[in-house]
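K.L.:
Give me a 3D structure for the following:
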Amino acid sequence: MKRRARMGMVGGGRGAFIGAVHRMAARLDDKIDLVCGAFSSNPEKSLETGGDLFLSKERIYGSYEEMFRQEASLPAEERMDFVSIVAPNFMHYPVAAAALDAGFHVVCDKPMTMTLEEAKKLQQRVRETGLLFCLTHNYTGYPMVKEARHLVSSGQIGKIRRVVVEYPQGWMALPLEAGGQKQAAWRTDPARAGVSFTMGDIGSHCANLAEYITGLEIEEVCADLTSFVSGRALDDDGSVLLRFNEGARGVLWASGIAVGEENGLNIRIYGEKGAIEWHQMEPNTLIVRWLDKPFQTFRTATDFVGEVSIANTRIPSGHPEGFIEAFANIYRNFAEALDRRLEGDQAATGDFPGVDEGVRGMAFIEAVVKSSQADSRWMHIG
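P.N.:
Below is the predicted model of the structure:
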């Protein structure tokens, strides 16, 4: 790598949680510089955020359209290489499409778009432009998630029979949006979040993680979504039965109203010969149970895990790695693929979720909502 990749950002202004996470993750491996941004739809707020980040005023923009136009006019050795989109859901498609049209690679927060139709349009644009597109399903970046994927793909636990995945949170047990809490307000607004709060925000992580580790695809869903908080426009809790290809079955639960829960993403996968279990709040541990021998506990960065897991670990065993580092693995892998593109390998890609995962995520969300609205009828994903 001859230089750091140059990143622009859309969204992530003052008070935005996920924008700061993206910036920290992008910096962690010293492969990416933030050089410009349109941090808010309010030009004054964008300028304030850019000042907080010590950017030159000339590279702080009042809109993403202005940023793409101005950056594209700069010499190749100065302009940004890619944009990171951390705005609310309704902005993902227009910003990503405009970035691709302007010739910039894209990193986008999930869900990829507001609708499946938009997702398919974006997929076509990525294919037509040939540019890199990364979707930040950050939980796929954890070393022990990659170890779990290896155990499945190498056949060690046998053919998959059952997947149980859950993501309970409790922060939305009260109507925070009614008091103007920024993160709650846009997530529960159909005009900005889409057709679902719980399934769009965290249920999509469950579905993506299940498919990533098992290598299977969810084909059908049977869903029951509920809005427990009075007056809330979108669901805040949901249960989904899953049918995978190759015959596996699954259960998915996601909730924003599970009182006392913090960020309880957990997954258990049962095969014919063994089972694996991973908990996001204890991410350095992977539990493996066997049909005919004692269970094992795999730990990050030890001598007993595979090369892919080691490649996504930065520090010796026993030193905790977590949420930021998992995010950073995606940014690092993206930056390395981008570097190969800049060196002339236009087919280069890397170990990170892309536009195809984004399409599957939107197909999952829409199928779940349709199933729930149809009295929990089984719905095909597509």
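K.L.:
Quick one: the helices in the stretch 101-250 of the chain, in order.
P.N.:
116-129, 143-153, 182-187, 190-193, 198, 204-214 (DSSP state H, counting those that start in this stretch).
K.L.:
Could you tell me the phi and psi values at the most centrally placed residue in the chain?
P.N.:
Nearest to the geometric centre of the chain sits H137, at 2.0 Å (C-alpha atoms, centre = their mean). Backbone torsions of H137, given as degrees, to the nearest 10, read phi -80, psi 80.
K.L.:
My guess is it contacts D351. True?
P.N.:
No. Assessed by C-beta atoms under 8 Å, H137 is found out of contact with D351, at 12.0 Å. Just so you know, the C-beta spots here come from the backbone N, C-alpha and C atoms, and that holds for glycine as well.
K.L.:
Name all residues that make contact with the nearest residue to V195 once chain neighbours are set aside.
P.N.:
Among residues not flanking V195 along the chain, V369 sits closest, at 4.8 Å (C-beta to C-beta, 6 or more residues apart in numbering). The contact partners of V369, taken as C-beta atoms under 8 Å, 6 or more residues apart in numbering, are V195, S196, M199, A223, L225.
K.L.:
R161 is nearest to which of the helices of the stretch 101-250 of the chain?
P.N.:
Judged by C-beta to C-beta, the one of the helices of the stretch 101-250 of the chain that comes nearest to R161 is helix 204-214, at 10.5 Å.
K.L.:
Report pLDDT for the most far-flung residue of the chain relative to its centre.
P.N.:
Using C-alpha atoms, centre = their mean, the residue of the chain lying farthest from its centre is D292. It sits 36.2 Å away. D292 is assigned 93 on the pLDDT scale.
K.L.:
repeat for the one 3 residues further on
P.N.:
As predicted, F295 sits at a pLDDT of 96.
K.L.:
now do D303
P.N.:
For D303, the predicted pLDDT is 87.
K.L.:
The one 4 residues further on now?
P.N.:
For E307, the model assigns a pLDDT of 92.
K.L.:
So it versus A207, what's the distance?
P.N.:
Relative to A207, E307 is positioned 27 Å away (C-beta to C-beta, to the nearest Å).
K.L.:
Looking at these two, which is more packed in?
P.N.:
Comparing E307 with A207 by other C-beta atoms under 10 Å, the one with more neighbours is A207, at 29 against 9.
K.L.:
Just give the nearest non-adjacent residue to the more buried one, would you?
P.N.:
F364 (4.6 Å).
K.L.:
Wait, a helix at that neighbour?
P.N.:
Yes. With DSSP: H, G, I helix; E, B strand; the rest coil as the criterion, F364 is assigned to a helix.
K.L.:
number of nearby residues for it?
P.N.:
29.
K.L.:
Could you export stretch 278-294 as CSV, CA atoms only?
P.N.:
What follows is stretch 278-294, C-alpha atoms only, in CSV (Å, rounded to 0.1, in the frame of the first residue of the first chain):
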residue,chain,number,x,y,z
TRP,A,278,-21.3,-17.2,19.9
HIS,A,279,-22.3,-14.2,22.0
GLN,A,280,-21.6,-10.7,20.8
MET,A,281,-21.2,-9.4,24.4
GLU,A,282,-18.5,-12.1,24.9
PRO,A,283,-17.0,-11.9,21.4
ASN,A,284,-13.6,-13.5,22.0
THR,A,285,-15.2,-16.9,22.9
LEU,A,286,-16.6,-19.5,20.6
ILE,A,287,-18.2,-22.6,22.2
VAL,A,288,-18.1,-25.8,20.1
ARG,A,289,-20.1,-28.8,21.2
TRP,A,290,-19.5,-32.3,19.7
LEU,A,291,-21.7,-35.3,19.3
ASP,A,292,-19.0,-37.8,20.6
LYS,A,293,-16.5,-35.8,22.6
PRO,A,294,-16.3,-33.0,25.3
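K.L.:
List the buried residues for that stretch?
P.N.:
W278, Q280, P283, N284, L286, I287, V288, R289 (16 or more other C-beta atoms under 10 Å).
K.L.:
of those residues, closest to P175?
P.N.:
So of the buried residues of stretch 278-294, ranked by how close each gets to P175 (C-beta to C-beta), first place is Q280, at 26.3 Å.
K.L.:
okay but the closest one is in contact with E261, surely?
P.N.:
No. Between Q280 and E261 there is no contact, the gap being 11.6 Å when judged by C-beta under 8 Å.
K.L.:
Tell me how far H279 lies from L265.
P.N.:
From H279 over to L265 (counting by C-beta to C-beta), the distance is 8 Å.
K.L.:
my bad, should have said A184
P.N.:
In terms of C-beta to C-beta, A184 sits 19 Å off from L265.
K.L.:
before we move on, what about F334?
P.N.:
22 Å.
K.L.:
In terms of neighbours, single out the busier of those two.
P.N.:
Taking other C-beta under 10 Å, F334 and L265 do not tie; F334 has more neighbours (30 against 20).
K.L.:
Could you check how many residues crowd around the closest residue to G256 other than its chain neighbours?
P.N.:
Once flanking residues are discounted, G256 sits nearest to M172: 3.5 Å by C-beta to C-beta, 6+ apart. By other C-beta under 10 Å, 25 other residues sit near M172.
K.L.:
Over to E147?
P.N.:
25.
K.L.:
Next, the contact list for it, please.
P.N.:
By C-beta under 8 Å, 6+ apart, the contact list for E147 reads L286, F298, V305, G306, V308, S309.
K.L.:
same deal with V251?
P.N.:
Counting by C-beta under 8 Å, 6+ apart, V251 has contacts V163, V164, V165, S239, V240, L241, L242.
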